[in-house]
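In: Give me a model of this one.
(one chain, ligands or ions: 1)
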Amino acid sequence: MEPAVWKRLLSSVILGFVLYRSDVTALKNGLALTPPMGWLHWQRFLCQTDCKNYPTSCINDQLFMQMADIMVSNGWLKAGYKYLCIDDCWLAPHRDKNNRLQADPDRFPGGMKKLIDYVHDRGLLFGIYQDVGNKTCAGFPGSRDFYELDAQTFADWGVDLLKFDGCYYDTLEALKEGYRRMAMALNRTGRDIVYSCEWPLYARQIEQVNYTEVAEYCNSWRNFGDIDDSWASVKTIVDITAALQEELVPAAGPGAWNDPDMLVIGNFGLSFDQQVTQMALWAIMAAPLLMSNDLREISKESTALLQNQEVIAINQDPLGTQGYRLLKVNGFDMWEKPLASGALAISVTNRQEIGGPRYFLLSRAMVWDGLACDTCYVTQLLPTRYEYGYFNASQVLKVPVNPSGTVLLRLE
Ligand code: GAL
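Out: Below you'll find the model as predicted:
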(Lines give C-alpha, C1' and ligand atoms only; values in the text may rest on other atoms or scores of the structure.)
Protein backbone atom coordinates (compact mmCIF):
# COMPACT_ATOMS: atom_id res chain seq x y z
CA MET A 1 0.00 0.00 0.00
CA GLU A 2 1.19 3.56 -0.71
CA PRO A 3 2.49 5.19 2.49
CA ALA A 4 0.05 8.09 2.14
CA VAL A 5 -2.96 5.75 1.84
CA TRP A 6 -1.79 3.58 4.72
CA LYS A 7 -1.25 6.66 6.84
CA ARG A 8 -4.72 8.01 6.18
CA LEU A 9 -6.29 4.70 7.15
CA LEU A 10 -4.25 4.34 10.31
CA SER A 11 -4.60 7.86 11.61
CA SER A 12 -8.35 7.91 10.96
CA VAL A 13 -8.82 4.61 12.81
CA ILE A 14 -6.71 5.70 15.76
CA LEU A 15 -8.00 9.25 15.98
CA GLY A 16 -11.53 7.90 15.62
CA PHE A 17 -10.94 5.87 18.76
CA VAL A 18 -9.34 8.82 20.52
CA LEU A 19 -12.41 11.00 19.84
CA TYR A 20 -14.69 8.16 20.88
CA ARG A 21 -12.73 7.92 24.10
CA SER A 22 -13.80 11.37 25.21
CA ASP A 23 -16.99 9.64 26.48
CA VAL A 24 -15.00 7.18 28.58
CA THR A 25 -15.00 7.84 32.32
CA ALA A 26 -11.43 8.28 33.49
CA LEU A 27 -10.51 8.02 37.16
CA LYS A 28 -11.94 11.28 38.43
CA ASN A 29 -9.34 12.21 41.01
CA GLY A 30 -8.22 15.23 38.98
CA LEU A 31 -4.59 14.05 39.07
CA ALA A 32 -1.97 13.29 36.44
CA LEU A 33 -3.66 15.44 33.81
CA THR A 34 -0.30 15.23 32.05
CA PRO A 35 2.03 12.20 32.38
CA PRO A 36 3.69 12.07 35.84
CA MET A 37 7.37 13.05 35.89
CA GLY A 38 9.95 12.11 38.47
CA TRP A 39 12.54 9.59 39.61
CA LEU A 40 11.99 5.97 40.63
CA HIS A 41 14.70 3.85 42.18
CA TRP A 42 13.99 0.37 40.78
CA GLN A 43 15.90 -0.12 37.53
CA ARG A 44 19.14 1.44 38.80
CA PHE A 45 19.13 0.42 42.48
CA LEU A 46 16.93 -2.70 42.54
CA CYS A 47 16.55 -4.42 45.92
CA GLN A 48 19.95 -3.61 47.42
CA THR A 49 19.45 -3.89 51.17
CA ASP A 50 23.09 -4.54 52.07
CA CYS A 51 24.15 -1.11 53.33
CA LYS A 52 27.35 -2.49 54.82
CA ASN A 53 28.88 -3.42 51.48
CA TYR A 54 26.93 -0.89 49.38
CA PRO A 55 26.69 2.14 51.66
CA THR A 56 25.99 4.60 48.83
CA SER A 57 23.61 2.53 46.73
CA CYS A 58 21.45 0.58 49.16
CA ILE A 59 17.77 1.44 49.63
CA ASN A 60 17.87 3.70 52.68
CA ASP A 61 16.86 7.19 53.73
CA GLN A 62 20.28 8.62 52.78
CA LEU A 63 19.86 7.66 49.13
CA PHE A 64 16.48 9.41 48.91
CA MET A 65 17.62 12.49 50.82
CA GLN A 66 20.57 12.85 48.46
CA MET A 67 18.35 12.44 45.40
CA ALA A 68 15.88 14.98 46.81
CA ASP A 69 18.67 17.52 47.30
CA ILE A 70 20.03 16.97 43.79
CA MET A 71 16.59 17.09 42.18
CA VAL A 72 16.32 20.61 43.52
CA SER A 73 19.91 21.83 43.12
CA ASN A 74 20.56 20.42 39.64
CA GLY A 75 17.45 21.64 37.88
CA TRP A 76 15.39 18.44 37.85
CA LEU A 77 12.44 19.81 39.80
CA LYS A 78 12.50 22.98 37.73
CA ALA A 79 12.47 20.87 34.56
CA GLY A 80 9.27 19.14 35.76
CA TYR A 81 10.51 16.01 37.57
CA LYS A 82 8.58 16.44 40.80
CA TYR A 83 7.83 12.92 42.09
CA LEU A 84 10.63 11.22 44.02
CA CYS A 85 9.54 7.58 44.17
CA ILE A 86 10.70 4.63 46.19
CA ASP A 87 10.07 1.14 44.78
CA ASP A 88 10.11 -2.30 46.40
CA CYS A 89 12.29 -3.23 49.43
CA TRP A 90 11.61 -0.24 51.72
CA LEU A 91 9.52 -2.35 54.10
CA ALA A 92 10.35 -4.10 57.35
CA PRO A 93 9.76 -7.87 57.10
CA HIS A 94 6.60 -7.61 59.29
CA ARG A 95 3.72 -5.25 59.96
CA ASP A 96 3.65 -3.59 63.40
CA LYS A 97 1.42 -4.77 66.25
CA ASN A 98 -1.51 -2.76 64.87
CA ASN A 99 -1.00 -4.32 61.45
CA ARG A 100 0.35 -1.08 60.04
CA LEU A 101 3.11 -1.14 57.47
CA GLN A 102 6.49 0.04 58.68
CA ALA A 103 9.73 0.92 56.94
CA ASP A 104 12.80 -1.18 57.65
CA PRO A 105 14.05 0.25 60.96
CA ASP A 106 17.76 -0.10 60.17
CA ARG A 107 17.62 1.52 56.77
CA PHE A 108 14.96 4.14 57.65
CA PRO A 109 15.67 4.84 61.33
CA GLY A 110 13.38 7.89 61.41
CA GLY A 111 10.50 6.06 59.71
CA MET A 112 8.85 6.89 56.39
CA LYS A 113 7.01 9.99 57.56
CA LYS A 114 10.27 11.73 58.45
CA LEU A 115 11.74 11.02 55.01
CA ILE A 116 8.57 12.20 53.29
CA ASP A 117 8.62 15.45 55.30
CA TYR A 118 12.21 15.98 54.17
CA VAL A 119 11.16 15.50 50.54
CA HIS A 120 8.13 17.80 50.89
CA ASP A 121 10.25 20.49 52.54
CA ARG A 122 12.21 20.66 49.32
CA GLY A 123 9.12 21.19 47.19
CA LEU A 124 9.02 17.64 45.80
CA LEU A 125 6.26 15.02 45.98
CA PHE A 126 6.77 11.48 47.25
CA GLY A 127 5.81 8.18 45.61
CA ILE A 128 5.68 4.84 47.42
CA TYR A 129 5.37 1.18 46.32
CA GLN A 130 3.09 -1.64 47.44
CA ASP A 131 1.48 -4.76 45.99
CA VAL A 132 -2.08 -6.01 45.54
CA GLY A 133 -1.15 -9.55 46.66
CA ASN A 134 -0.01 -10.86 50.04
CA LYS A 135 3.64 -10.13 49.26
CA THR A 136 5.51 -7.56 47.15
CA CYS A 137 7.45 -8.97 44.21
CA ALA A 138 10.59 -9.00 46.36
CA GLY A 139 8.78 -10.82 49.19
CA PHE A 140 7.95 -8.04 51.68
CA PRO A 141 4.46 -7.80 53.26
CA GLY A 142 1.83 -7.01 50.59
CA SER A 143 -1.45 -5.13 50.92
CA ARG A 144 -3.93 -8.00 50.52
CA ASP A 145 -6.50 -7.90 53.35
CA PHE A 146 -5.25 -4.42 54.33
CA TYR A 147 -6.16 -2.13 51.42
CA GLU A 148 -8.05 0.42 53.52
CA LEU A 149 -5.52 0.45 56.36
CA ASP A 150 -2.56 0.82 53.98
CA ALA A 151 -4.22 3.63 51.98
CA GLN A 152 -4.83 5.47 55.25
CA THR A 153 -1.24 4.86 56.40
CA PHE A 154 0.07 6.31 53.13
CA ALA A 155 -2.23 9.33 53.44
CA ASP A 156 -1.12 9.86 57.07
CA TRP A 157 2.51 9.80 55.98
CA GLY A 158 1.87 12.32 53.17
CA VAL A 159 2.34 10.00 50.19
CA ASP A 160 1.52 11.61 46.81
CA LEU A 161 1.75 8.61 44.43
CA LEU A 162 1.32 4.87 44.85
CA LYS A 163 2.88 2.34 42.48
CA PHE A 164 0.76 -0.76 43.06
CA ASP A 165 2.33 -3.98 41.80
CA GLY A 166 0.54 -7.27 41.10
CA CYS A 167 2.77 -10.09 42.35
CA TYR A 168 1.37 -12.90 44.51
CA TYR A 169 -2.30 -12.49 43.64
CA ASP A 170 -4.62 -15.50 44.03
CA THR A 171 -6.99 -15.30 41.08
CA LEU A 172 -7.50 -12.81 38.28
CA GLU A 173 -10.77 -11.72 39.91
CA ALA A 174 -8.96 -11.10 43.20
CA LEU A 175 -6.29 -9.08 41.39
CA LYS A 176 -8.85 -6.85 39.70
CA GLU A 177 -10.93 -6.52 42.84
CA GLY A 178 -7.78 -5.57 44.77
CA TYR A 179 -6.87 -2.84 42.28
CA ARG A 180 -10.42 -1.45 42.40
CA ARG A 181 -10.56 -1.55 46.21
CA MET A 182 -7.25 0.22 46.59
CA ALA A 183 -8.42 2.94 44.15
CA MET A 184 -11.51 3.52 46.26
CA ALA A 185 -9.56 3.37 49.52
CA LEU A 186 -7.12 6.00 48.25
CA ASN A 187 -10.04 8.20 47.21
CA ARG A 188 -11.65 7.90 50.60
CA THR A 189 -8.55 9.21 52.37
CA GLY A 190 -9.24 12.58 50.75
CA ARG A 191 -5.54 13.00 49.92
CA ASP A 192 -4.38 13.56 46.32
CA ILE A 193 -2.55 10.31 45.54
CA VAL A 194 -1.69 9.43 41.94
CA TYR A 195 -2.49 5.75 41.41
CA SER A 196 -0.04 3.87 39.19
CA CYS A 197 -1.11 0.28 38.45
CA GLU A 198 0.36 -2.86 36.89
CA TRP A 199 -3.06 -4.48 36.42
CA PRO A 200 -2.87 -4.94 32.60
CA LEU A 201 0.61 -6.48 32.79
CA TYR A 202 -0.70 -9.32 34.97
CA ALA A 203 -4.22 -9.56 33.49
CA ARG A 204 -2.94 -9.62 29.90
CA GLN A 205 -1.39 -13.04 30.51
CA ILE A 206 -4.90 -14.46 31.09
CA GLU A 207 -7.52 -12.38 29.27
CA GLN A 208 -8.07 -9.45 26.94
CA VAL A 209 -7.63 -6.29 29.01
CA ASN A 210 -10.62 -3.96 29.35
CA TYR A 211 -8.82 -0.62 29.17
CA THR A 212 -11.99 1.37 29.74
CA GLU A 213 -12.23 -0.25 33.15
CA VAL A 214 -8.51 0.11 33.93
CA ALA A 215 -8.67 3.84 33.09
CA GLU A 216 -11.64 4.25 35.43
CA TYR A 217 -9.50 3.18 38.37
CA CYS A 218 -5.86 3.98 37.56
CA ASN A 219 -3.97 7.12 36.56
CA SER A 220 -1.34 5.06 34.75
CA TRP A 221 -0.68 1.41 34.14
CA ARG A 222 2.12 -0.86 33.02
CA ASN A 223 1.26 -3.16 30.11
CA PHE A 224 4.46 -5.16 29.69
CA GLY A 225 7.40 -6.60 31.61
CA ASP A 226 10.21 -4.62 33.21
CA ILE A 227 12.59 -2.44 31.26
CA ASP A 228 16.29 -3.07 31.67
CA ASP A 229 19.32 -0.98 30.84
CA SER A 230 19.70 -2.15 27.24
CA TRP A 231 18.83 -1.19 23.68
CA ALA A 232 17.20 -4.60 23.19
CA SER A 233 14.77 -3.83 26.01
CA VAL A 234 13.92 -0.32 24.75
CA LYS A 235 13.32 -1.68 21.22
CA THR A 236 11.09 -4.48 22.51
CA ILE A 237 8.90 -2.08 24.50
CA VAL A 238 8.58 0.32 21.57
CA ASP A 239 7.70 -2.49 19.18
CA ILE A 240 5.07 -4.07 21.45
CA THR A 241 3.52 -0.66 22.03
CA ALA A 242 3.29 -0.14 18.27
CA ALA A 243 1.87 -3.62 17.72
CA LEU A 244 -0.89 -2.97 20.27
CA GLN A 245 -1.44 0.70 19.51
CA GLU A 246 -5.05 0.32 18.40
CA GLU A 247 -5.81 -0.97 21.89
CA LEU A 248 -3.46 1.29 23.89
CA VAL A 249 -3.67 4.70 22.22
CA PRO A 250 -7.44 5.22 22.69
CA ALA A 251 -7.13 4.34 26.40
CA ALA A 252 -4.70 7.20 27.10
CA GLY A 253 -5.60 10.78 27.87
CA PRO A 254 -5.47 13.33 30.70
CA GLY A 255 -5.52 11.39 33.97
CA ALA A 256 -4.88 8.00 32.32
CA TRP A 257 -1.60 6.90 30.79
CA ASN A 258 0.01 3.78 29.37
CA ASP A 259 3.31 3.29 31.17
CA PRO A 260 6.10 1.72 29.10
CA ASP A 261 8.27 1.78 32.25
CA MET A 262 11.21 3.88 33.41
CA LEU A 263 13.64 6.05 31.46
CA VAL A 264 17.04 4.36 31.65
CA ILE A 265 18.88 7.35 30.18
CA GLY A 266 22.10 8.20 32.00
CA ASN A 267 23.06 4.63 32.93
CA PHE A 268 25.37 2.08 31.28
CA GLY A 269 23.47 0.32 28.53
CA LEU A 270 22.44 2.85 25.87
CA SER A 271 24.61 4.76 23.42
CA PHE A 272 23.84 8.48 23.16
CA ASP A 273 21.76 7.91 20.01
CA GLN A 274 19.78 5.20 21.78
CA GLN A 275 19.16 7.53 24.72
CA VAL A 276 17.83 10.08 22.24
CA THR A 277 15.54 7.38 20.86
CA GLN A 278 14.16 6.56 24.28
CA MET A 279 13.56 10.24 25.15
CA ALA A 280 11.92 11.01 21.80
CA LEU A 281 9.68 7.94 21.85
CA TRP A 282 8.65 8.35 25.51
CA ALA A 283 7.68 11.95 24.63
CA ILE A 284 5.70 10.81 21.57
CA MET A 285 4.02 7.97 23.54
CA ALA A 286 2.87 10.41 26.28
CA ALA A 287 4.57 8.09 28.75
CA PRO A 288 5.18 8.87 32.41
CA LEU A 289 8.75 10.23 32.56
CA LEU A 290 10.15 8.39 35.56
CA MET A 291 13.93 8.30 35.38
CA SER A 292 15.83 5.49 37.05
CA ASN A 293 19.47 6.55 37.12
CA ASP A 294 22.00 7.94 39.56
CA LEU A 295 21.57 11.70 39.59
CA ARG A 296 24.79 12.01 41.62
CA GLU A 297 26.86 10.88 38.64
CA ILE A 298 25.04 11.56 35.40
CA SER A 299 26.73 13.06 32.33
CA LYS A 300 26.04 16.56 31.03
CA GLU A 301 24.69 15.11 27.75
CA SER A 302 22.16 12.85 29.47
CA THR A 303 21.14 15.67 31.79
CA ALA A 304 20.54 18.05 28.89
CA LEU A 305 18.56 15.39 27.04
CA LEU A 306 16.34 14.59 30.04
CA GLN A 307 15.82 18.27 30.84
CA ASN A 308 15.11 19.41 27.25
CA GLN A 309 12.08 21.66 27.70
CA GLU A 310 10.80 21.47 24.12
CA VAL A 311 10.84 17.67 24.23
CA ILE A 312 9.19 17.62 27.66
CA ALA A 313 6.51 19.96 26.28
CA ILE A 314 5.61 17.32 23.68
CA ASN A 315 5.27 14.69 26.41
CA GLN A 316 3.30 17.06 28.65
CA ASP A 317 1.08 18.45 25.88
CA PRO A 318 -2.36 19.22 27.42
CA LEU A 319 -4.27 17.42 24.65
CA GLY A 320 -2.86 14.20 26.09
CA THR A 321 -3.05 12.21 22.86
CA GLN A 322 -0.66 9.27 22.83
CA GLY A 323 1.33 9.20 19.59
CA TYR A 324 1.30 6.18 17.30
CA ARG A 325 3.54 4.57 14.71
CA LEU A 326 2.43 5.69 11.30
CA LEU A 327 4.99 4.08 9.06
CA LYS A 328 7.53 1.33 9.07
CA VAL A 329 9.37 1.67 5.82
CA ASN A 330 12.84 1.01 4.49
CA GLY A 331 14.34 0.45 7.96
CA PHE A 332 12.77 3.61 9.39
CA ASP A 333 9.98 3.89 11.96
CA MET A 334 7.97 7.07 11.86
CA TRP A 335 5.63 8.09 14.69
CA GLU A 336 3.41 11.14 15.10
CA LYS A 337 1.65 12.86 17.99
CA PRO A 338 -0.95 15.60 17.45
CA LEU A 339 -0.52 18.52 19.85
CA ALA A 340 -3.05 20.88 21.43
CA SER A 341 -1.91 23.89 19.38
CA GLY A 342 -2.70 22.08 16.12
CA ALA A 343 1.00 21.35 15.66
CA LEU A 344 2.43 17.89 15.24
CA ALA A 345 5.42 16.06 16.70
CA ILE A 346 7.10 13.51 14.44
CA SER A 347 9.83 11.06 15.29
CA VAL A 348 11.90 9.10 12.80
CA THR A 349 14.05 6.24 14.09
CA ASN A 350 16.71 4.59 11.94
CA ARG A 351 16.30 0.90 12.76
CA GLN A 352 19.21 -0.16 10.56
CA GLU A 353 22.03 -1.00 12.95
CA ILE A 354 24.81 -1.16 10.42
CA GLY A 355 26.47 1.62 8.47
CA GLY A 356 26.18 5.35 9.05
CA PRO A 357 23.47 8.02 9.00
CA ARG A 358 20.75 7.57 6.36
CA TYR A 359 18.31 10.08 4.88
CA PHE A 360 14.61 9.82 5.60
CA LEU A 361 12.51 11.64 3.02
CA LEU A 362 9.58 13.44 4.58
CA SER A 363 6.72 15.05 2.66
CA ARG A 364 3.61 16.90 3.86
CA ALA A 365 1.32 14.23 2.37
CA MET A 366 2.82 11.59 4.69
CA VAL A 367 1.67 13.17 7.93
CA TRP A 368 -1.61 13.84 9.74
CA ASP A 369 -4.29 15.60 7.65
CA GLY A 370 -5.49 17.51 10.71
CA LEU A 371 -2.21 19.44 10.92
CA ALA A 372 -3.18 23.12 11.00
CA CYS A 373 -0.61 24.31 8.42
CA ASP A 374 -0.18 23.63 4.72
CA THR A 375 3.17 25.27 4.61
CA CYS A 376 4.61 24.28 7.97
CA TYR A 377 7.53 25.51 10.01
CA VAL A 378 9.79 22.60 10.90
CA THR A 379 12.06 22.55 13.94
CA GLN A 380 14.30 19.61 14.77
CA LEU A 381 14.40 19.16 18.57
CA LEU A 382 16.58 16.05 18.77
CA PRO A 383 19.35 14.93 18.56
CA THR A 384 20.31 18.63 18.21
CA ARG A 385 18.18 21.71 17.74
CA TYR A 386 18.00 22.82 14.14
CA GLU A 387 15.49 24.98 12.28
CA TYR A 388 14.61 23.59 8.87
CA GLY A 389 12.29 26.59 8.36
CA TYR A 390 9.22 26.61 6.14
CA PHE A 391 8.34 23.51 4.20
CA ASN A 392 5.49 23.43 1.68
CA ALA A 393 3.32 20.64 0.31
CA SER A 394 5.50 20.07 -2.75
CA GLN A 395 8.81 19.92 -0.88
CA VAL A 396 10.60 16.87 0.41
CA LEU A 397 12.65 17.22 3.58
CA LYS A 398 15.83 15.13 3.70
CA VAL A 399 16.41 14.22 7.34
CA PRO A 400 19.64 12.39 8.28
CA VAL A 401 19.17 9.84 11.09
CA ASN A 402 21.96 7.95 12.89
CA PRO A 403 21.80 4.15 13.26
CA SER A 404 19.53 3.29 16.25
CA GLY A 405 19.07 7.04 16.72
CA THR A 406 15.98 9.21 16.32
CA VAL A 407 15.20 12.62 14.93
CA LEU A 408 12.37 14.43 16.69
CA LEU A 409 10.63 17.18 14.72
CA ARG A 410 7.91 19.69 15.46
CA LEU A 411 5.73 20.88 12.55
CA GLU A 412 3.57 23.94 13.07
C1 GAL B 1 8.15 -5.77 39.33
C2 GAL B 1 7.80 -4.40 38.76
C3 GAL B 1 9.07 -3.58 38.79
C4 GAL B 1 9.52 -3.46 40.23
C5 GAL B 1 9.68 -4.82 40.88
C6 GAL B 1 9.94 -4.71 42.36
O7 GAL B 1 7.07 -6.55 39.22
O8 GAL B 1 7.32 -4.53 37.44
O9 GAL B 1 8.86 -2.33 38.19
O10 GAL B 1 8.59 -2.67 40.93
O11 GAL B 1 8.54 -5.61 40.69
O12 GAL B 1 10.07 -5.95 42.98
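In: Just list whatever residues bridge to the closest residue to residue 140 other than its chain neighbours.
Out: Nearest-residue entry for residue 140: residue 91, 3.9 Å, with adjacent residues in sequence omitted and distances by C-beta to C-beta, 6 or more residues apart in numbering. The way it works is simple: take the backbone N, C-alpha and C, and place the C-beta from them, glycine included. Assessed by DSSP bridges, residue 91 has beta-bridge partners residue 103.
In: count of residues packed around residue 91?
Out: For residue 91, the neighbour count with other C-beta atoms under 10 Å is 24.
In: same check, this time on residue 297
Out: Residue 297 has 7 neighbours, counted by other C-beta under 10 Å.
In: give me phi/psi at residue 311?
Out: phi -70, psi -40 (degrees, to the nearest 10).
In: that older thread, for the residue nearest to residue 140, which residues are in contact?
Out: For residue 91, the contacting residues are 101-104, 136, 140-141, by C-beta atoms under 8 Å, 6 or more residues apart in numbering.
In: how about 7 Å then?
Out: 101, 103-104, 140-141 (C-beta atoms under 7 Å, 6 or more residues apart in numbering).
In: Nearest to residue 236, out of those residues: which one, please.
Out: Closest approach to residue 236 among the contacts of residue 91 (C-beta to C-beta): residue 140, at 28.3 Å.
In: Now do the closest one against the ligand, distance only.
Out: Separation of residue 140 from the ligand (C-beta to the nearest ligand atom, to the nearest Å): 9 Å.
In: If I look at that residue, what pLDDT would I see?
Out: For residue 140, the pLDDT comes out at 98.
In: Leaving out the residues flanking it, which one is nearest to the residue in the stretch 201-350 of the chain positioned nearest to the ligand?
Out: Using C-beta to the nearest ligand atom, the closest approach of the stretch 201-350 of the chain to the ligand is made by residue 226 at 4.7 Å. The shortest distance from residue 226 to any non-neighbouring residue, by C-beta to C-beta, 6+ apart, is to residue 261 (6.3 Å).
In: Does that neighbour touch residue 222 like I think?
Out: Yes: between residue 261 and residue 222 a contact is recorded at 6.4 Å, counting by C-beta atoms under 7 Å.
In: what about the helices in the stretch 51-200 of the chain?
Out: Taking DSSP state H, counting those that start in this stretch as the criterion, the stretch 51-200 of the chain carries its helices at 61-73, 76-79, 111-121, 147-157, 172-189, 199-203.
In: my read: residue 102 touches residue 90, true?
Out: No: contact criterion C-beta under 7 Å: residue 102 and residue 90 do not qualify, at 9.8 Å.
In: which SSE is residue 326 in?
Out: Using DSSP states H and E, residue 326 falls within strand 324-329.
In: Enumerate every residue touching residue 320.
Out: Residues counted as contacts of residue 320 (C-beta under 7 Å, 6+ apart) are 34, 252-254, 286.
In: re earlier: neighbour count winner among residue 102 and residue 90?
Out: It is residue 90, of residue 102 and residue 90, that has more neighbours when counted by other C-beta under 10 Å, with 26 against 18.
In: Just the buried positions in stretch 390-407, please.
Out: 391, 397, 399, 401-407 (16 or more other C-beta atoms under 10 Å).
In: Can you add secondary structure, distance to residue 199 and pLDDT and give those back as CSV?
Out: Shown next, in CSV, are the buried residues of stretch 390-407 (DSSP: H, G, I helix; E, B strand; the rest coil; distance: C-beta to C-beta, whole Å; pLDDT from 0 to 100):
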residue, secondary structure, distance to residue 199, pLDDT
391, strand, 43, 94
397, strand, 42, 96
399, strand, 39, 98
401, strand, 36, 98
402, coil, 37, 98
403, strand, 37, 98
404, coil, 32, 98
405, coil, 34, 98
406, strand, 30, 99
407, strand, 35, 98
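In: how about the residues you listed in a markdown table, adding distance to the ligand?
Out: As requested, these are exported to a markdown table (distance: C-beta to the nearest ligand atom, whole Å):
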| residue | distance to the ligand |
| --- | --- |
| 391 | 41 |
| 397 | 39 |
| 399 | 35 |
| 401 | 31 |
| 402 | 30 |
| 403 | 29 |
| 404 | 24 |
| 405 | 27 |
| 406 | 24 |
| 407 | 30 |
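In: how about the residues you listed, which pair is most distant?
Out: Those two in those that are separated most widely, counting by C-beta to C-beta, are 391 and 404, at 25.9 Å.
In: Start and end of stretch 263-274, how far apart?
Out: 11 Å (C-alpha to C-alpha, to the nearest Å).
In: when you scan that stretch, is anything in it near the ligand?
Out: No: judged by C-beta under 6 Å from any ligand atom, stretch 263-274 and the ligand are separated, with a smallest distance of 12.1 Å.
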